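Participant: the following comprises the amino acid sequence and a computationally predicted model.
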Amino acid sequence: MPKIELMDVTKTFSEGKVLASDNITLTISDGDFVFLLGPSGCGKTTLLKLIAGLEDPSSGKILVDGKDLGMVNPEDRNIGFVFQHFQIFPSMTVFENVAYGMTVRGYDDASIERIAIEALKLVKLDHRVLAYPKELSTPELQKVGLARAIATRSRTLFLDEPLGKLDPKIRRPFRHELRRLIKTLGLTAIQVTHDQEEAMAIADKIIVMRAGKILQYGSPEDLYYRPNSIFVANFFGETNFLEGFVSNVTKDSCTFHLHLGGPKFEVKLAPGHAFKNGAQVMIGYRVEDIELIELHESMQAESQELDLEDKPKMNTIKASVTDAIFIGPSKRFIVKLENGDVIQAKHSSKFLLDIQKGEDILVGFHEHPMVFEYPDDLRKELSKA
Amino acid sequence: MEITAKESRPDIELSKPDFKKPQPGAVLKIEKFFSKPRYRIALDATTIGFFLFLIIGPLISIIFSVIAKWSEIYTSVFADPITNDVQWQIMGTVLGRSFQIAAIATLIDLALGLPMAFILTRYEFKGKKILDTLVDLPMAVPTSALGFSLYLFWGTNMGISGMLGLDGGLISTGPILIILTHVAFTYPFIVRNLKVIFQETSKIYEDAAKSLGAPGFTVFRTITLPLAKEGMIAGTILAFTRSLGETGATIIVAGVFETAPMYVVALKDSLNFPAAAFLSMILILISLIALMFLRVFSRRVGFPVSRVFPKIERALSTKPARISRNALGLSLFIVIVLVPALYTVPYVIQWFSINPFTGTTTNTVLATLFAPDNKWAWLWVSVVNSLEIAGISTLICIAFGLPMAMILAKRKWGKLKELIDALVDIPLIAPTAALGFAMYLFWGPLGLNVFQPGFWLIIMVHVAMCFPYIVRPIVAIIQKTDPELEAAARTLGASPLTTFRTITLPKMLPGIIAGMIMSFTRSMGETGATIVVSGLIRTVPIIIVDWVETSDLAAAGFASLLLIIFSFIVLLLLRKTMERT
Amino acid sequence: MNAMPSIKLEDITVTRGKRKILEHFNLDIKNGEYFALVGETGAGKTTILNVISGLIVPEKGRVLIDDVDVTHVAAERRDVGMVFENYALFPHYTVYKNVAYSHRVRDRNVEETKKAAREVLSLVLIPNRDDALPKELSGGMQQRVALARALMTDSGILLFDDPFSALDAGLRMSLRIELKNLARDLGTTVVHCTNDVEEAMMVANRLAIIKDGYIEQLGTPDEIYFRPKSIYVASFFGAVNVFKIKITQIDVTRGYYFGIHERGEQERKEFGIAIKDGIPEFKVGDDALLCVRAEHCYINKGFRKKPNRIYGTIDEISFLGHILRFEVKDEFGKRYVAKRFVNEKTYHLQFQKGETVTLGFHHKLALLFNYPGDKEMERLEQNI
């Protein structure tokens, strides 16, 4: 794939009233499966289109292999683009749709037929070659869009929320098939989505965006375990956030005081942190990291195959279980801490924890939560939702 | 920020095409060549230029000539040595009449049209399609034929009074007949407009209201109407201005009672050009103001929705109330609109060869047509003329209307585009006679002197009239089409022109055909402006007017029948095309 | 009217044009129950709601609310509170007017209406936005206004048509819990439609899986998950591994079926499945469909040739936050999925792509269904 550079790119719509991209500087070279992830309206689709050359930046430059993108027409770039609403040409058959990219480039008929059938075989639609779009189901239409983009033999694939229109039941297996297809063909792909589960499940790298800016970039694990802001932390998975302040700050630890009064934790901090005594902070624990300890015996919701070298130290707080809900593969607990904060815990239902609604338990908080500064203006912003 | 990763090694690759480089055919190459921006700009410029020249030119020229010849106009209208400001007073009177008639006709139309539109959109029943077609019928009847039909029905003893055994017409020519005529011919427009609005207003809001306990009538008043407000106001203003500017049918049914557009024709005929220009300008200005009003103020008008009258409205929503309401709307439609509009048909059949009153052949269709003055030949000449004019005008309209539609739908020109969009609608609203006169001034002996009154001037006028009829449906269809469809084609390597040919055009085709059909029909039925510029050429609508004036009713009836049959066939064709979309 | 009425649909048929959307449809919802209808788009969930509310009148069958036949009672008199998929808040009315609508069209006392509206709005936590228009509110707030409006009806029945689909994931989760608690406190009977089975499990006492206008299965969350009646229901919760097996032995005393999965000469796998309630009865020689949920499969290094184990290599590892998903490919190219719960400590496992592993499951967690035929089997295997 060619090297794409965005230099200080800004994109506005409606005569400057809508800022879709805000001074973005980004370089993408031979890469894997990259995701643009963010809430609706964050500018991810715009960024995708800027990279693909379907939109022009309002200011800044986009270079492809050193050449200014503005000088090249989209039709000369040979990119594969899969659109959100499929955009399958309704008056053409499946075959004609898939063959379109080659037809307008003037390939010979034999090649067109051969390549189109190959592409359709890859998405397992070779039995519907003569059907018209209106006869196809939604997943089938999506496959036609994929085959059509692949048939251009482009090394780069751009995908704009391709799975958005599918039911959850179909979406999950489909996304893995999508990844398999892209990896099999060795393509570089950039996909846009608002679904964090989708991004985590199949991306190699994720770019998290908000209000036209890039917040963080990394692998799914990076973003999940080392988010750089409350927003990113909140965006992935489910987090229990506890408000409070810190004291006894050293270079790698501190004491965290829950704000509603009472309990304190021992918390380890990342080296190079900037917290001061008395700073207001928010600490976060993922729902699967909350330990529930029955008062009469210690039970840990661990996988049975694992040996831990040492049991980590736990902060414990008394609490009571307000609700225990079975949700199939997992069980969800709603727990009220002794200081009044309400948190949730989620564990595999395989080890049917016998913890019942109304029971009094101990909650275990490990020593490595996510810790964020929580100044007043951030509090105002977050409470608007 | 930099994103790099290792180079990926594919497990499979799609096979390569046979040729080293693809060989685009000639067509693709040409399309790629002409896709360059400079050709698109050239096309845009030509289209806009044509439009300005054709439609805006005459309008501006009339304003200029009024200003230029102000002293002449002032004298003739306000300060004539003999009659003083009588002209001005007459103008005031006819303008006042036109306004009153338009207001009354529009109100009646709304009252009759609302229930009908509701029936057609919210109920399912056998024969709905037939009712739908019947409602559209008066639109298929060209204005002069319509006027004739109504005149026949209400105003002569061959119509309803004959059936009732009365002598002479039930309603003589004059304001009441004019109102009835205007009601009849704007009815389909209002119903269509309301239908579209009711269909767009999401049924889900009405469902929500029902689930909250609101009876049908309350739902209609508190939910449907307010949400349909904007569209309704637009439709009402359109109907109002159409009535204001109607000439063709009005001439036939007005008798000696003159409306403003009729007076323009009269002034021109009596060679009082300054006064005619002045009155035309006033009429055009009024319609421009109405247009502005349409666009700017329709959002601000409110509806009273706070008060709820549960008991009354519940009573009005019961089944018997509903049925009687619908029955009333239906029967009024039949009696006031449908039957009179189509009355020509039974008339011609009845009077074909035998005079039903006297039993002789006097005043029958055959007799009048084949009388020594050879009306029959004249009829066919005018039919040929009408067809030629309609055909040529439609072709010219398509040639410039298609690029104009593309401009309106796709170019991002901001305020400039809004202006052009508004201007395109002018021929729809401006009174036909005034527009005709403006074009006569612009192109004719008193202006550029390019065209004398006659064939080509008629064509220019018809092109101006039909332009919006072509542009609007195409714009509508483009707007309904997903723009990403074209983006998809371009990512696949198609140049803009190739995209247009393979993707956009097939999608637009129903809109183009619909536009062409509407334009052709409009041209065939155009009367008001044509009268002003026709010179010695006769088209079918003009000949109808002629023959009514000479009381050759049977011949006029036959000519109307021809027009009606033609329009009816075209209407069916149109519906078939629309169904395909 | 009773505050928590029961709802009964008897032999309902609804057609649109030529298509039968519902046919001989029966449903029995108890007093005060929170009931969920789960199904894919087009399964008929909205139609069922519309039949209950009266917006659709069925061609055949009866609708009973608290044992009273209301089949021919118009929607505006059934007074069933409904929250539509995109809320359908009247765009030209303020929050207050929206919420008060149901009372005003009945000409209720204005003071009483104001009071009730205030109560209901504080219940859904929007106390001070009376004069706002819907378009000024965020998605979450609009949803609450829609809920408040529905709560102002009297029938004691609330119908939710996919009420959370338009919201962000985080908001969805918190609103589910709020909604569940609210309904429980008010004691209303609720019917909640969704295509997300997890959502249904979180909020409902009982749920029904709907497919093409029919109920595939109806039961408590427990029943649906552990004793699914069909592979369709089973696969609603995520990836499942499927095998065609032939029953070779039945051990009645200890309660096991034994079977083998064979493909030609080379492939032969052995399985033992515990006999449980709900599993159809098989004879030796019968074909059956063995199904194991991905989350009930575990992964071990190395290979142990025992029943209920597959030997293969790890093709792909996906990180889903609290779950790791493994795709394992066996020597014949067939793919299997295993999911395991992780947290930050346990995440740092020692599995790599390409490693040879054993994927196995416990005999008590396997599911058996009647064999669906070769064509269907092929489709199921493709859909992993």
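Facilitator: Now that the structure is in, tell me what you want to look at. Numbering: from 1, shown residues only, chains lettered A, B, ... in the order given.

Participant: okay, now the unreliable bits of chain A?
Facilitator: Scanning chain A for pLDDT under 70 picks out A:1-2, A:14-18, A:29-31, A:71, A:260-261, A:296-312, A:351-353, A:381-385.

Participant: report the residue ranges of every domain in the chain.
Facilitator: Let's take chain A. A:4-231, A:239-295+A:307-382 (automatic domain parsing).

Participant: actually it's chain C I care about, not the one you picked
Facilitator: C:7-234, C:235-382.

Participant: just the CA coordinates of stretch A:39-53, formatted as PDB?
Facilitator: Taking C-alpha atoms only, stretch A:39-53 is exported to PDB below (Å, rounded to 0.1, in the frame of the first residue of the first chain):
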ATOM      1  CA  PRO A  39     -19.100   8.000  18.700                       C
ATOM      2  CA  SER A  40     -21.400   9.200  16.000                       C
ATOM      3  CA  GLY A  41     -20.400  12.600  14.700                       C
ATOM      4  CA  CYS A  42     -16.800  12.300  15.800                       C
ATOM      5  CA  GLY A  43     -15.500  12.700  12.200                       C
ATOM      6  CA  LYS A  44     -14.400   9.200  11.600                       C
ATOM      7  CA  THR A  45     -16.200   8.700   8.300                       C
ATOM      8  CA  THR A  46     -14.900  12.100   7.100                       C
ATOM      9  CA  LEU A  47     -11.400  11.100   7.900                       C
ATOM     10  CA  LEU A  48     -11.900   7.800   6.000                       C
ATOM     11  CA  LYS A  49     -13.100   9.700   3.000                       C
ATOM     12  CA  LEU A  50     -10.200  12.200   3.200                       C
ATOM     13  CA  ILE A  51      -7.700   9.300   3.300                       C
ATOM     14  CA  ALA A  52      -9.500   7.600   0.400                       C
ATOM     15  CA  GLY A  53      -9.600  10.800  -1.600                       C
END
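
Participant: where do the helices sit along the stretch 1-150 of chain C?
Facilitator: Secondary structure of the stretch 1-150 of chain C by DSSP state H, counting those that start in this stretch: the helices cover C:45-53, C:75-78, C:95-104, C:110-123, C:139-151.

Participant: which of the ones you listed sits closest to B:Leu497?
Facilitator: With Cβ to Cβ as the criterion, B:Leu497 lies closest to helix C:139-151 of the helices of the stretch 1-150 of chain C, at 42.3 Å. For the C-beta atoms, the positions are set from N, CA and C on the backbone; glycine is no exception.

Participant: hmm, who's touching the closest one?
Facilitator: Outside helix C:139-151, the residues that touch it by Cβ atoms under 8 Å, 6 or more residues apart in numbering or on different chains are A:385, B:212, C:81-84, C:87-89, C:95, C:98-99, C:101-102, C:117, C:120-121, C:123-126, C:129, C:134, C:137, C:158-159, C:163-164, C:166-168, C:171, C:175, C:179, C:186.

Participant: before we move on, back to that, make JSON lines out of the helices of the stretch 1-150 of chain C and add mean pLDDT and mean neighbour count.
Facilitator: JSON lines is the format used below for the helices of the stretch 1-150 of chain C (pLDDT from 0 to 100; neighbours: other Cβ atoms under 10 Å in any protein chain shown):
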{"stretch": "helix C:45-53", "mean pLDDT": "94", "mean neighbour count": "23"}
{"stretch": "helix C:75-78", "mean pLDDT": "84", "mean neighbour count": "19"}
{"stretch": "helix C:95-104", "mean pLDDT": "90", "mean neighbour count": "24"}
{"stretch": "helix C:110-123", "mean pLDDT": "88", "mean neighbour count": "15"}
{"stretch": "helix C:139-151", "mean pLDDT": "89", "mean neighbour count": "23"}
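
Participant: just put those in JSON lines and tack on distance to A:Ser40.
Facilitator: Listed next are these as JSON lines, based on distance: least, Cβ to Cβ, whole Å:
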{"stretch": "helix C:45-53", "distance to A:Ser40": "24"}
{"stretch": "helix C:75-78", "distance to A:Ser40": "33"}
{"stretch": "helix C:95-104", "distance to A:Ser40": "23"}
{"stretch": "helix C:110-123", "distance to A:Ser40": "27"}
{"stretch": "helix C:139-151", "distance to A:Ser40": "10"}
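
Participant: so which of those comes closest to B:Val533?
Facilitator: Counting by Cβ to Cβ, B:Val533 lies closest to helix C:95-104 out of the helices of the stretch 1-150 of chain C; the figure is 55.6 Å.

Participant: who touches that closest one?
Facilitator: Residues contacting helix C:95-104 (Cβ under 8 Å, 6+ apart): B:209, B:212-214, B:308, B:310, C:79, C:89-90, C:93, C:112-114, C:116-117, C:120-121, C:126, C:129-134, C:137, C:145, C:148-149, C:152-153.

Participant: any idea of the angle it forms with helix C:110-123?
Facilitator: Here helix C:95-104 points in a direction 130 degrees away from that of helix C:110-123 (axes from the mean of the first three to the mean of the last three Cα atoms, to 10 degrees).

Participant: what angle do helix C:95-104 and helix C:139-151 make?
Facilitator: Using the same axes, to 10 degrees: helix C:95-104 against helix C:139-151 is 20 degrees.

Participant: before we move on, back to that, any idea which of the domains of chain A is most buried?
Facilitator: domain A:4-231 (a mean of 20; mean count of other Cβ atoms under 10 Å in any protein chain shown).

Participant: and it, is it in reach of chain C?
Facilitator: Yes - against chain C, domain A:4-231 shows contacts by Cβ under 8 Å from any Cβ of the partner chain at A:39, A:124, A:167-170, A:172-173, A:176, A:179-180, A:194-197, A:200-202, A:220-221, A:224-225.

Participant: which one's the longest helix in the chain?
Facilitator: Since you didn't name a chain, this refers to chain A. Across chain A, the longest stretch assigned as helix under DSSP state H is helix A:168-184.

Participant: the intended chain is chain C.
Facilitator: With DSSP H setting the assignment, residue counts place helix C:169-186 as the longest helix in chain C.

Participant: elements contacting that one?
Facilitator: Judged by 3 or more Cβ pairs under 8 Å, 6 or more residues apart in numbering or on different chains; DSSP states H and E, the packing partners of helix C:169-186 are strand C:34-39, helix C:139-151, helix C:197-203.

Participant: send me the longest one as PDB with only the CA atoms.
Facilitator: Meaning helix C:139-151. Below are the C-alpha coordinates for helix C:139-151, written out as PDB (Å, rounded to 0.1, in the frame of the first residue of the first chain):
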ATOM      1  CA  GLY C 139     -31.000  10.600  22.600                       C
ATOM      2  CA  GLY C 140     -31.000   9.300  26.200                       C
ATOM      3  CA  MET C 141     -33.300  12.100  27.400                       C
ATOM      4  CA  GLN C 142     -35.700  11.700  24.400                       C
ATOM      5  CA  GLN C 143     -36.000   8.100  25.400                       C
ATOM      6  CA  ARG C 144     -36.900   9.000  28.900                       C
ATOM      7  CA  VAL C 145     -39.500  11.500  27.700                       C
ATOM      8  CA  ALA C 146     -41.000   8.800  25.600                       C
ATOM      9  CA  LEU C 147     -41.100   6.600  28.600                       C
ATOM     10  CA  ALA C 148     -42.700   9.200  30.700                       C
ATOM     11  CA  ARG C 149     -45.400   9.800  28.100                       C
ATOM     12  CA  ALA C 150     -46.200   6.100  28.000                       C
ATOM     13  CA  LEU C 151     -46.300   6.000  31.800                       C
END
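
Participant: tell me the secondary structure at C:Ile260.
Facilitator: strand (DSSP: H, G, I helix; E, B strand; the rest coil).

Participant: spit out the contact partners of it.
Facilitator: Under the criterion of Cβ under 8 Å, 6+ apart, the neighbours of C:Ile260 are C:Ile245, C:Lys246, C:Thr248, C:Arg268, C:Lys269, C:Glu270, C:Phe271.
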